[in-house]
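Trainee: Here is a sequence together with a model predicted from it:
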Amino acid sequence: SQTIHQWPATLVQPVGSPLSLECTVEGTSNPNLYWYRQAAGRGLQLLFYSIGIDQISSEVPQNLSASRPQDRQFILSSKKLLLSDSGFYLCAWGRGRHTDTQYFGPGTRLTVL
Amino acid sequence: AQKITQTQPGMFVQEKEAVTLDCTYDTSDPSYGLFWYKQPSSGEMIFLIYQGSYDQQNATEGRYSLNFQKARKSANLVISASQLGDSAMYFCAMREAWYSSASKIIFGSGTRLSIRP
């Protein structure tokens, strides 16, 4: 069966510091991968998605970036965090077919102070 | 324009009662998929149920059913015999452009459901 991991689970970072969140998927190959952000009490905002290694599409221009160095690894980064980057970051994988859902990781709760 | 609308920010329901969570959507694509997810306080997103735009019957999964009214562009989630563990945020979502390998799921703003004992 497929599993998706995210780490760290929680993170407190000062403004201006760098960020690296990691997501890995097990039990499948060539998945579509997604990064979402959820502000407190809000819905999900799609940040990036990837249909293959080094194929990244950005949905929202901001100071975040994403990379996919391996088939089942998806990394969310920032060189300098802003207060507005605080939120709950969810990684998801899916197949891209219209009948397929996305399966989410446990999430990373990021607080920028 | 907002594509997924959930008009109920919060709901309170008595345990064992049925509850309907509203969702309307907007798309010009004839082929699309509709999803419901549950997000408990732990934060994980749990897939509940799926309905395809060409499906003739409403989807059901245990106590969950999706009341799909295509002409009204409505995809309400019905939970029968609610339980305390159903207290959570519920998100309606839609996938368009199914023919594209990069098709994405977009989410509504959610409804917070609270079950009273």
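Mentor: Now that the structure is in, tell me what you want to look at.
Trainee: What parts of chain A come near chain B?
Mentor: With CB under 8 Å from any CB of the partner chain as the criterion, chain A meets chain B at residues A:32, A:34, A:42-44, A:46, A:49, A:51, A:57, A:59, A:88, A:90, A:92, A:94, A:96-99, A:101-104, A:106-107, A:109. Glycine gets a C-beta too; all of them are placed from N, C-alpha and C.
Trainee: Sort out for me which of the residues you listed are in strands.
Mentor: Among the residues of chain A next to chain B, the residues falling in strands (DSSP state E) are A:32, A:34, A:44, A:46, A:49, A:51, A:57, A:88, A:90, A:92, A:94, A:102-104, A:109.
Trainee: For ChimeraX, write the selection for the buried entries among the residues of chain A next to chain B.
Mentor: Per 16 or more other CB atoms under 10 Å in any protein chain shown, the buried members of the residues of chain A next to chain B correspond to this ChimeraX selection:
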select /A:32,34,43,44,46,49,51,88,90,92,94,96,98,101,102,103,104,106,107,109
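Trainee: follow-up on the earlier one: farthest-separated two in the ones in strands among the residues of chain A next to chain B?
Mentor: Taking CB to CB as the measure, those reach their widest spread between A:Ile51 and A:Arg109, a distance of 27.4 Å.
Trainee: quick check, the helix or strand of chain B with the lowest mean pLDDT touching chain A?
Mentor: For chain B, counting by mean pLDDT, DSSP states H and E, strand B:105-107 ranks last in confidence among helices and strands (a mean of 86). Yes: interface with chain A: strand B:105-107 contributes B:105-107 (CB under 8 Å from any CB).
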